[in-house]
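Engineer: Dropping a prediction and its sequence here:
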Amino acid sequence: MGVFHGFRRKHVNAYLDQFVFRWDRRHSYRSAFERPVGVGVAIRPATCTDLEPPMQPELHSEFTCPHCGHRKVEEMPTDACQFFYECEGCSTLLRPKAGDCCVFCSYGSAPCPPIQLARQDGGKGCCGC
């Protein structure tokens, strides 16, 4: 049983392409193997990080006032840092601690979403801190 089983005019170009391909490689059996292997070697292997879906940031944080200890779960902004927070327990206006970008990073149970995403990507933070 050979490759040729019949002839149809509409497939002449495909037959000729196949014939030329095989004729050009008749003395080099390795060429059929080297091309796929070469492509496989040139492509960077996938890591576990490439296969995992991106992390979704935590959007809620339990805020604890350092003055009165009042706790409240707050929703964090996703696109910016919050610089001020007024405690509902003692009405103190809180500001971020030195080195933190926002009040959630200073007094919340989770850092702000921009910091969470930056840490996932290996960066420092949303504003370089």
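Structural biologist: It's in.

Engineer: what's around K72, how many residues?
Structural biologist: By other Cβ atoms under 10 Å, 13 other residues sit near K72. For the C-beta atoms, the positions are set from N, CA and C on the backbone; glycine is no exception.

Engineer: can I assume it is in contact with Y85?
Structural biologist: No - using Cβ atoms under 8 Å, K72 is not in contact with Y85, being 9.7 Å away.

Engineer: how about the residue positioned nearest the centre of the chain, what does it touch?
Structural biologist: Nearest to the mean C-alpha position of the chain, by Cα atoms, centre = their mean, lies P54 at 4.6 Å. Neighbouring residues of P54 by Cβ atoms under 8 Å, 6 or more residues apart in numbering: Q120.

Engineer: Got the confidence number for Y85?
Structural biologist: pLDDT recorded at Y85 is 90.

Engineer: so what's it closest to, chain neighbours aside?
Structural biologist: Counting by Cβ to Cβ, 6 or more residues apart in numbering, V103 is the residue found nearest to Y85 once chain neighbours are left out, at 4.3 Å.

Engineer: which ones are touching that neighbour?
Structural biologist: F63, Q82, F83, F84, Y85, L94, R95, P96.

Engineer: Domain-wise, how is the chain divided?
Structural biologist: Listed by automatic domain parsing, the domain ranges of the chain are 9-43, 60-120.
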